[in-house]
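1. Turn this into a model:
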Amino acid sequence: MAPPTSAERTSEDSSSPTQPFLEQRIPFREEFLRPPRSSLSWFIHILAFCVSLTLGLVALTMKPSSLQCTHQLSPYSPLIEEGLIKYESKNFDNEFDKPSNYRGQPSKLTEASWKALWETPAIGVPREKLEVLNKSGPTSLNWFHAPPSPDHGARDELAALVEVFHQLHCINTLRLEVHKDSYHDHFGEWPDGSGPGNEAIKKTHIDHCIELLRITLMCTSDVTPLLFIDDPHAFQGRTPDFNTMHSCRNFWEIREWVEKMGLSEGSGRTSRHLIQAVTRSDNSDWVLNDDIYPRAAQEAGCLMIAPADAVCIEPPMIMKRLLHDIRHKDGMSPQRHLYTHVDSNGLSTSPPSFVARTVPWFLQLAFFFTAFGFLAFRYQTVATDQVCTSRLSSYSPVIDAGIIRYTSYNIAGDFEQPSIYRGRPTNQTETAWNKLFMAPGINIPETKLPLLNKSSTASWLRTPKKNGDGYVGYLEVFHQLHCLHMVRLKIYEKAYEEEFGYPASQFESQGTAVTATHIDHCLETLRLNVMCTADVTPVMIVADDTAPLGRYVDFNTMHKCRNFWDIRAWVDQNKVID
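-> From the prediction side, this is the model:
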């Protein structure tokens, strides 16, 4: 092919812009080395990076949900698996002489109210859940099967009670015994008012209920502070404020679910006696003459024009001059077909290489899955015991101190389980009981009063100046154990008088009316606490042909309990008032 004539070169030059060639905008080195990218591709990369970054930030700041914490701090229960448990922060309505349908002398209203609390059917527990309840193994008992369901027929489920209703049954049992004279010595739980006819069984049942409630109170260890109003005219110069702040479960929704999902027995309900009994790739590939030269960056940034020629990148003005000279060199045709992938400025218009296309996406995916995996890991591990204790509890300095720990075990709740805390009062039993609840007060900082839903303008009993700047608080668990002991005192009043001679003064010194009010207040305190914690642990039933009704209840239930004695020791170490 003949070389271009001078006229042709002149014609070609005349088609160029009027701006002098050397004054035209000259691309920088980076523009030569990077082919132009699609704006859509950039948008997708940025969006993907933002999504991954958001996932990572969510994982870092994640807090456990109440459902996660319920799983973390509770043993297995079908109600927890259903996601039924919710929480509400509220103050107990528990003034000392507050009227209630559940307190006072027995009446049709009180009896109907109590039956509406605890008389519920059993529920079904899948057999494969026995292991998580610590009820499997070679010594496993003959568990009572759930009766066939009208909707599902026979099923491999076992019958179980729900612990909260057993606990409420026990409080009712103690209430009936306290008010037995109003029932004409009727124990209250047996059909037709006949009673068991055996005083020993009756006392064993009462002792079992006191022991069950003691274990329950120590297991939950409610560390909510109870404050005192400074009142010179009150007993000991102070009046306790029993309307304490709590985070409570949705008891009535739990009860409704149990009623709806409860097992039937024959044509009726399960007997109530069971309860009783982006990154970016810096790829600099160039495409010329339909050849790919990924070595451009490594070879001093040389632009491969032809197999025999190479133009190495120099300062921009020189590079522009070289390109001009190559295109107009005498004896060389323009051969524009060789530059089909290069625009008029020498920039690549070819699609990116396979590596250029895949590496950015690979890095994006790696970043995304790393962030997603971290999020999943945090979701599984964020619900620790300590975090969940704060999440599901009202404020307490004990929680802030970080001393609460949990242990999972089966409580020793056999009907006749020996215990130092049960039976006829002795010096040994009373010493043991006094160690449970006779605890000192601790300091509650003034800044924490809003967390307890208490006004700082009230006349709260202040902590002695030498012990801190705040108010005196007494932990609810000790108040609850005191109340249980008061009920025990009343039930064993004659035995105490025979043994020690002081129950008469313990009660009668305040007057009969005050004593009755105190006992009713204590029963109400126990009821409010049990309904608030709403323990939904399954209580399994054992099939036994020799037992009444052909079965009995296994009270050795699985629980995850707080470290009561460590809490008690911390209170002693941080006391501000005896």
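2. Low-confidence ranges, the chain, go.
-> 1-38, 56, 59-62, 138-139, 149-155, 183-198, 264-357, 374-375, 378-383, 502-514 (pLDDT under 70).
3. what's the domain layout of it?
-> 19-36+280-360, 67-223+250-277+394-438+475-577 (automatic domain parsing).
4. State the distance spanning the first to the last residue of the longest one.
-> Just to be clear, that refers to domain 67-223+250-277+394-438+475-577. End-to-end distance for domain 67-223+250-277+394-438+475-577, by CA to CA, to the nearest Å: 38 Å.
5. Please apply the same query to stretch 144-159.
-> 6 Å.
6. Let me know the secondary structure of residue 88.
-> strand (DSSP: H, G, I helix; E, B strand; the rest coil).
7. is it true that it touches residue 245?
-> No: between residue 88 and residue 245 there is no contact under CB atoms under 8 Å: 11.4 Å. C-betas here are computed from N, CA, C, even on glycine.
8. residues contacting residue 396?
-> 223-225, 475 (CB atoms under 8 Å, 6 or more residues apart in numbering).
9. one more time with 6 Å, if that's ok
-> 223-224 (CB atoms under 6 Å, 6 or more residues apart in numbering).
10. Can you tell me how far it is from residue 439?
-> 14 Å (CB to CB, to the nearest Å).
11. Equivalent analysis for residue 449, please.
-> Distance from residue 449 to residue 439, by CB to CB: 21 Å.
12. do the same with residue 528
-> On the measure of CB to CB, residue 528 and residue 439 end up 20 Å apart.
13. What ranges does the stretch 51-200 of the chain have for its helices?
-> 66-73, 78-81, 108-118, 163-178, 199-220 (DSSP state H, counting those that start in this stretch).
14. returning to that earlier point: okay, residue 88 and residue 245: which has more neighbours?
-> Higher neighbour count among residue 88 and residue 245: residue 245, with 20 against 11, using other CB atoms under 10 Å.
15. pretty sure that one contacts residue 450?
-> No: look at residue 245 against residue 450 with CB atoms under 6 Å: they stay out of range, at 10.1 Å.
16. Can you report how many residues neighbour the closest residue to residue 258 other than its chain neighbours?
-> Once flanking residues are discounted, residue 258 sits nearest to residue 120: 4.9 Å by CB to CB, 6 or more residues apart in numbering. For residue 120, the neighbour count with other CB under 10 Å is 24.
17. try residue 172
-> 23.
18. Please verify my assumption that it contacts residue 116.
-> No: using CB under 6 Å, residue 172 makes no contact with residue 116, being 11.1 Å away.
19. Can you give me the distance of the nearest residue to residue 440 once chain neighbours are set aside to residue 470?
-> Using CB to CB, 6+ apart and skipping the chain neighbours, the partner closest in space to residue 440 is residue 575 (3.4 Å). Using CB to CB, residue 575 is found at 13 Å from residue 470.
20. of those two, who's got more company?
-> Per other CB under 10 Å, whichever of residue 575 and residue 470 has more neighbours is residue 470, with 19 against 15.
21. And the more buried one, how close does it get to residue 518?
-> Distance, residue 470 to residue 518, by CB to CB: 28 Å.
22. Same question for residue 454.
-> 24 Å.
23. still on that earlier bit, among the helices of the stretch 51-200 of the chain, show me which one is buried the most.
-> Using mean count of other CB atoms under 10 Å, the stretch among those with the largest mean neighbour count is helix 163-178, at a mean of 23.
24. ok, and what's touching it?
-> Under the contact criterion CB under 6 Å, 6+ apart, helix 163-178 has outside partners 114, 117-118, 120, 188, 206, 209, 212-213, 216, 275, 487, 490-491, 519, 523, 526-527, 530, 534-535, 537, 539.
25. Just the endpoints, please. Distance across stretch 392-408?
-> Start-to-end span of stretch 392-408 (CA to CA) is 18 Å.
26. Can you give me the buried ones in it?
-> Residues 392-399, 404, 406 are the ones in stretch 392-408 that count as buried (16 or more other CB atoms under 10 Å).
27. do the same with stretch 525-536
-> 525-536.
28. Adding secondary structure and distance to residue 369 as columns, could you present these in CSV?
-> As requested, the buried residues of stretch 525-536 are exported to CSV (DSSP: H, G, I helix; E, B strand; the rest coil; distance: CB to CB, whole Å):
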residue, secondary structure, distance to residue 369
525, helix, 53
526, helix, 52
527, helix, 52
528, helix, 49
529, helix, 47
530, helix, 47
531, helix, 46
532, helix, 43
533, helix, 41
534, coil, 40
535, coil, 41
536, coil, 38
